[in-house]
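In: Task: produce atomic coordinates for the following.
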Amino acid sequence: MSKSDCTEAAFSSNSYFSGLGTPQDWQERIASVALRFNGEYQGKPIDLPDEVKAMPIYQERSAGLLQAKLTSPFWKLAQPQKNQRCLDIGCGVSFLIYPWRDWGALFYGQEISPVARDILVARGPQLNSKLFKGVELAPGHQLSYDAGMFDLAIATGVSCYYPLVYWGEVLAAVKRVLKPGGFFVFDVLDSETPLAENWAILEMYLGAEVFLEPAADWKKMIQAVGGQVVKTAPGELLNLYKVRF
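Out: Model prediction:
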């Protein structure tokens, strides 16, 4: 299989998903992403074609070098402050990784992978029972919190798996639960970087398709839901946006 064949396979369904906008469509998409990350957290091996294993980006993943390119340091745009309520959408096991104890901020998680949720619920209270406030097993557009509850919301490594129309619903939900003056910090896949296409191919074979959306379309969507990008931070693969409503 040539690289061009891999590329065609990776994006063959994007024209289909780009028009999805119903809750049923979203649930199917969410379920597929959850399945992909369940396997990763469980350490399940995936049988990939030799052509994919030969790709440099797969070699980086196998060597443990790719993760650094996928990590977005959200705290450089908005560091959680002591006693602030912070919502981490698509949190994975971030409470166990990032320095929440040093920040002294109250952590609320939202996650679609039951495997990640169970790991965090089991270990989070042991790490710091005062700061860890639990994890809701639900997608980003379903936030069952009171209006104006959070000082800060973050979402890293998740937006690229969904079409813009869905992520607009996530922003609208976040807008409701943020306090006046609060911020939403999330990352967006840089579709212009040469690494993006190869990473999207790899992710397709790992079980989750990726959307390569132009930055201009992201900004239009953010404005459409009443948001304003107040600061950005570029990364090798993912760019961070700090949004105020």
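In: quick one, what contacts K179?
Out: Neighbour list for K179: 148-151 [criterion: CB atoms under 8 Å, 6 or more residues apart in numbering]. (Glycine included, C-beta is placed from N, CA and C.)
In: which one of these is nearest Q84?
Out: Distance ranking of the contacts of K179 against Q84, using CB to CB, places D151 first at 4.0 Å.
In: Touching, the closest one and G182? I think so.
Out: Yes. D151 is within contact range of G182, at 5.3 Å (criterion: CB atoms under 8 Å).
In: So if I had to pick from the two, which one is more boxed in?
Out: More crowded of D151 and G182, by other CB atoms under 10 Å: G182, with 23 against 20.
In: which one's the longest helix in the protein?
Out: For the chain, the longest helix by residue count, based on DSSP state H, is helix 23-42.
In: Who are the packing partners of it?
Out: helix 114-128, helix 164-177, helix 194-206 (3 or more CB pairs under 8 Å, 6 or more residues apart in numbering; DSSP states H and E).
In: Include mean neighbour count and distance to A215 when you put these into CSV, please.
Out: Shown next, in CSV, are the helices and strands packed on helix 23-42 (neighbours: other CB atoms under 10 Å; distance: least, CB to CB, whole Å):
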stretch, mean neighbour count, distance to A215
helix 114-128, 16, 29
helix 164-177, 20, 12
helix 194-206, 19, 12
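In: Could you export those helices as CSV, including mean pLDDT and distance to Q59?
Out: As requested, the helices and strands packed on helix 23-42 are exported to CSV (pLDDT from 0 to 100; distance: least, CB to CB, whole Å):
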stretch, mean pLDDT, distance to Q59
helix 114-128, 97, 26
helix 164-177, 96, 31
helix 194-206, 94, 11
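In: And the ones you listed: which comes nearest L237?
Out: Nearest to L237, of these and by CB to CB, is helix 194-206 at 5.3 Å.
In: ok now that closest one, how far from the chain's centre?
Out: In this view, helix 194-206 has its centroid 15 Å away from the chain centroid, taken as CA atoms, centre = their mean, to the nearest Å.
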